[in-house]
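Asks: Just the structure for this:
(chains A and B)
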Amino acid sequence: MGKTVRVLIAVVGIVLLINGSARATDDAWPFGPMSQYAGAVADDASVTFTRISAQTTSGTTVDVPLNIEGAGVARAEIEARTGEIEKDPSLLQQVADGWKKKHPDQPQYVKLELIRDTTQLVNGRVAGPPTPEVLATWEVRR
Amino acid sequence: MSSTRLSRVAGWFTPRIALARVAWLRTILYLFVILDMHAFVRDTRLKGEHPDLYQPLLLARIFHLPTPSVANTTALYVVLIVACVIGATNWFPRIAGWIVAPAFTWWVLIGMSDGKVDHDHLALVVALWVLPTVKSTSRGRAAYGDQTRSEAAGWAVRCVQISVIATYFLSWVAKVRSPGWNFSWPSSAILTWAIVRRPHPVGEWLLHHPWMLHVMQWVGFIAEFLSPVILWLKGRWQLIGALFFIGFHVANTAILLIHFLPTVVCWLAFAPLERVVPWLRNRRSDRDTGEAEQEPEGSGQAQQQAGA
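Replies: Residues are numbered from 1 along each chain as shown, chains lettered A, B, ... in the order given. Now for the predicted structure:
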């Protein structure tokens, strides 16, 4: 590979990166925009956070750990599919199954709730504790 | 543009750098890939078990990559581990490297095909594609001390350096683009938003002092915009630039729990790693002979490349 080819490859790569940052979406990875935390959030925005709350066989209520070691499902997947889960709460069954598979010795999930916490900002400050809203409920099949 | 200017530009992309630096980068980055597969992009095999959640990214569609399955993700895992171990030894590093580059790119593509794409892998992926283009003159242990300078090595190192800096500069571009091509990001409530969604003690303390978060946003915004300057800094000033951004990642880790280690490790492309072996030899010969003035062969040559 000659020097000219090397320089051309570098230049084309840079052009692709700039083009992606200016026009593309995450879909174009690795040539997409570096958009993590790139959004501007208004001072009076409401910040939402989606989580899954579980009642367990030992009578406790816990937040499901949404990662591979926990229920085997990533938070991103749940957040991306919130609408689908609202329409069809049976999708939450896989969360309970995932937990059971990974942690057979621990208390199992009996009932799952998909909850959206909304925190209101006022003048860029947190105005108070989050307001929870239950989006979907699922009685776990065992 | 005159031909001398063109050749100066071409020369900037292909500085003459010792092959030893590439040997060190091979070992460090191929071992890092193994760490990455277990600690960072670690759900690729899990995605093979749940192909129903797979949303292929553009590259996967262009190259018609198969949907992840238990069989192909397990094969990918085994191939990557074996090729990384071989590449890291600097024995057959080019063959191993040409296997690692596409295999790890596919591994990361699958890992990011669930609706969330991270932006910390650009420099590492670019590094894996350029490292095998460098022809070595020595193998195994001898490679780490090889002071033979080559434009091929320099080009590979430069590509990694550009990708590291691009990660920051393009993050700045995204921050200007995202609110509609304006400068509202640094005075917005973005860090407050991020901390509310990922609460932890340091962040919750900062929530009571929004002005501190705004200062951090301005510092990050300006630093990302200025980051390309580092490509033209030399020696100590370049080191200061590198340390600033590594400090930036430490702060991000404390505030956002985002470490960006796959980018951080690629900062080593700026380090004069080719000096490690002469330095060690120098120390050893000092100890053995007691002659502190003795200069080992090649160290003077290595000095001149600092900051290249």
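
Asks: how about low-confidence regions in chain A?
Replies: With pLDDT under 70 as the threshold, chain A has no low-confidence stretch at all.

Asks: quick one, helices of it?
Replies: A:3-23, A:75-80, A:82-87, A:93-102 (DSSP state H).

Asks: Quick one: closest of those helices to B:T167.
Replies: Nearest to B:T167 among these is helix A:3-23; the distance by CB to CB comes to 9.6 Å. C-beta coordinates here come from the backbone N, C-alpha and C atoms, glycine included.

Asks: Show me the residue at the heart of chain A, geometrically.
Replies: The residue lying closest to the centre of chain A (CA atoms, centre = their mean) is A:A76, at 2.3 Å.

Asks: ok, how many other residues are close to B:G154?
Replies: Here the count is done by other CB atoms under 10 Å in any protein chain shown, and B:G154 has 24 residues near it.

Asks: Now do the SS call for it.
Replies: Following DSSP: H, G, I helix; E, B strand; the rest coil, we place B:G154 in the helix state.

Asks: List the contacts of A:A71.
Replies: A:52, A:64-65, A:95-96, A:98-99, A:102 (CB atoms under 8 Å, 6 or more residues apart in numbering or on different chains).

Asks: change it to 6 Å
Replies: Counting by CB atoms under 6 Å, 6 or more residues apart in numbering or on different chains, A:A71 makes contact with A:64, A:95, A:98-99.

Asks: residues in chain A within reach of chain B, list them.
Replies: Contact residues (CB under 6 Å from any CB of the partner chain) of chain A with chain B: A:3, A:6-7, A:10, A:17, A:21, A:26-30, A:33-41, A:43, A:47, A:49, A:68, A:76-77, A:80, A:119, A:121, A:124-126.

Asks: List only those of these flagged as buried.
Replies: By neighbour count, with 16 or more other CB atoms under 10 Å in any protein chain shown, those hold A:6-7, A:10, A:17, A:21, A:26-30, A:33-41, A:47, A:49, A:77, A:80, A:119, A:121, A:124, A:126 as buried.

Asks: Buried ones in stretch B:226-236, by neighbour count?
Replies: B:227, B:230-231.

Asks: on that earlier part again, skip the chain neighbours and tell me the closest residue to the residue nearest to the centre of chain A.
Replies: B:K116 (3.5 Å; CB to CB, 6 or more residues apart in numbering or on different chains).

Asks: Would you agree that neighbour is in contact with A:I78?
Replies: No. The pair B:K116 / A:I78 is not scored as a contact, 10.8 Å apart, by CB atoms under 6 Å.

Asks: Out of those two, name the residue with the larger neighbour count.
Replies: A:I78 (21 against 15).

Asks: Please name the residues that touch that one.
Replies: A:L66.

Asks: and if you look at B:N72?
Replies: Contacts of B:N72 (CB under 6 Å, 6+ apart): B:P66.

Asks: Okay, and it sits in which element?
Replies: helix B:70-88 (DSSP states H and E).

Asks: Now do that helix: distance to the chain's middle.
Replies: 20 Å (CA atoms, centre = their mean, to the nearest Å).
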